[in-house]
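In: What follows is a predicted protein model with its sequence.
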Amino acid sequence: MNNHINLAAIYIANLMAVMVLATTLISNTWRFRYKGVERRYLSMLVVTTFIGCILDPIIFSVEGHVGGFYRMINFGGNTLLFALNLILGPAWMFFLSSCLGIRLSKIHRFCIIGLNAIGAVLLLLNFFNPIVFCVTADNVYCRGFHYMYYLIVEGAIILDSVILYFWVRKKSGFLKFFPVWIFMIPVACGIAIQTFIYGVSTVWPFIAVAISAVLTSLQNEQLFEDKLTGLYNRFYLDDLKNRISSDNQYTAMLLDLNQFKSINDRFGHQEGDDALIETAQRVRMAVGAYGEVIRYAGDEFIVILNTRQDDEINGISKGIQDSLDHYNKTSRKPYELSVSIGICRMNLDQASIDEVLDEADKQMYLNKKAYYEKNPREDRRRS
């Protein structure tokens, strides 16, 4: 066995990491009951980290023990740990983009997946030629030259997440509560320590700490989260009123789901909830990094955009309508989703946010009136 390895410290570090992650999960079990992209990638992060924390001390335990069985555990275990790293990076980036309410471009996704696919190919080649790592005849793990590729990819993903975070912040003007550094700093520290100090286990314990911090941050957002749609609620709007600066350029959009009462009455409240959830998701994706989407009341949504440019505002409005039109063509539902939209540009030196929202409400009413004039068979009382 390598004399530089302290098995007791390794077991304690990983055991504490598992306990921290497990206790945090217990207090967040409700979050994993709901389907969605965010939950899917969060589950991938959690499962990957649990496996890593359990597997890492096992590998250290067989280090230096001669024999085919021990060597198989050492080689296979390290291969699996590298593979887990390849899962962790993309899962984190896709989870982050979901939390920030944006969709990564095809090129962005291709680069993330492509870099990790190259890492997977290197791992396959490592079975025939030890280019990533090797296990000596004495069953001792040694890093190969291409080990650096994984460090570079991990560093690139950490940097990418920081750039994405501040890009969204610049676009939206008032970033969501989710702080990227609570994941980035522990992971970066864990990788750096284990890279430069051989014989310690810090990568997976630090990742567990990072994910626990992410779960805690998400839990703190519950006060500002609408439980049905996952959007922000009126409490968040009240908080936002205090944070918006009059120096910035904002636009308010008020959206009302057409014929919502009719959907509830004819097809049931569950179908009505599904219509609200679908509408909320499509509005959120259309708005992206340009602002925040808030469920105001019932079937009404407020969008605060960090722009007053006509082309950007019209593009977002059209994106919402196009997304709903696409849903209507593909959903096979017995009803169609559409929204009436009122838009008012903010000048907080001359009017309060409430006055701006009142004006947006008037514009939305005119838009809804035009909707019923275009669809005379629809019953306004059932809107």
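Out: That came in fine, so what should we check first? What you see is a predicted model, and the numbers here were worked out from it, not measured in a lab.

In: Can you mark which positions in stretch 332-344 are buried?
Out: Using 16 or more other Cβ atoms under 10 Å as the test for burial, stretch 332-344 gives 335, 337-344. Where C-beta positions appear, they are placed from N, C-alpha and C, glycine not excepted.

In: who touches it?
Out: With Cβ atoms under 8 Å, 6 or more residues apart in numbering as the test, stretch 332-344 has contacts from 251-259, 262-263, 266-267, 271, 275, 278-279, 283, 301, 313, 317, 320-321, 324, 327-328, 356-357, 359-368, 371.

In: How about stretch 130-141?
Out: Applying Cβ under 8 Å, 6+ apart, the contact partners of stretch 130-141 are 2, 59, 62-67, 70-71, 74-75, 78, 82, 122-123, 125-126, 142-147, 149-150.

In: Let's see which of the buried residues of stretch 332-344 end up in strands.
Out: 339-344 (DSSP state E).

In: Report whether Tyr41 is found in a helix, as I expect.
Out: Yes: counting by DSSP: H, G, I helix; E, B strand; the rest coil, Tyr41 falls inside a helix.

In: you'd agree it is up against Gly89?
Out: No: assessed by Cβ atoms under 8 Å, Tyr41 is found out of contact with Gly89, at 11.4 Å.

In: Look at those two and report which has more neighbours.
Out: For Tyr41 and Gly89, the more surrounded residue by other Cβ atoms under 10 Å is Gly89, and the numbers stand at 23 against 20.

In: who's in contact with that one?
Out: Counting by Cβ under 8 Å, 6+ apart, Gly89 touches 112, 116, 153-154, 157.

In: and for Tyr41 and Gly89, which residues touch both?
Out: Joint contacts of Tyr41 and Gly89 (Cβ under 8 Å, 6+ apart) do not exist.

In: for the record, mean pLDDT for the helix or strand hosting Gly89?
Out: Using DSSP states H and E, Gly89 falls within helix 68-99. Per-residue pLDDT over helix 68-99 has a mean of 92.

In: So what's the residue count around Met44?
Out: 17.

In: so what's it closest to, chain neighbours aside?
Out: Ala91 (4.1 Å; Cβ to Cβ, 6 or more residues apart in numbering).

In: mind listing what that neighbour touches?
Out: 41, 44-45, 48.

In: Columns distance to Asn14 and secondary structure on top of those residues, output as TSV?
Out: Converted to TSV, the contacts of Ala91 look like this (distance: Cβ to Cβ, whole Å; DSSP: H, G, I helix; E, B strand; the rest coil):
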residue	distance to Asn14	secondary structure
Tyr41	23	helix
Met44	20	helix
Leu45	17	helix
Thr48	14	helix
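
In: Among those, which one lies nearest to Ile244?
Out: Proximity of the contacts of Ala91 to Ile244, judged by Cβ to Cβ, is greatest for Tyr41, which lies at 30.4 Å.

In: Tell me how far that closest one lies from Leu88.
Out: To Leu88, Tyr41 is 10 Å away according to Cβ to Cβ, to the nearest Å.

In: Likewise for Arg266?
Out: To Leu88, Arg266 is 46 Å away according to Cβ to Cβ.

In: Counting neighbours, which bits of stretch 101-114 end up buried?
Out: 101-104, 112.

In: Please, where are all the strands along the chain?
Out: 133-135, 141-143, 251-257, 291-297, 300-305, 339-345.
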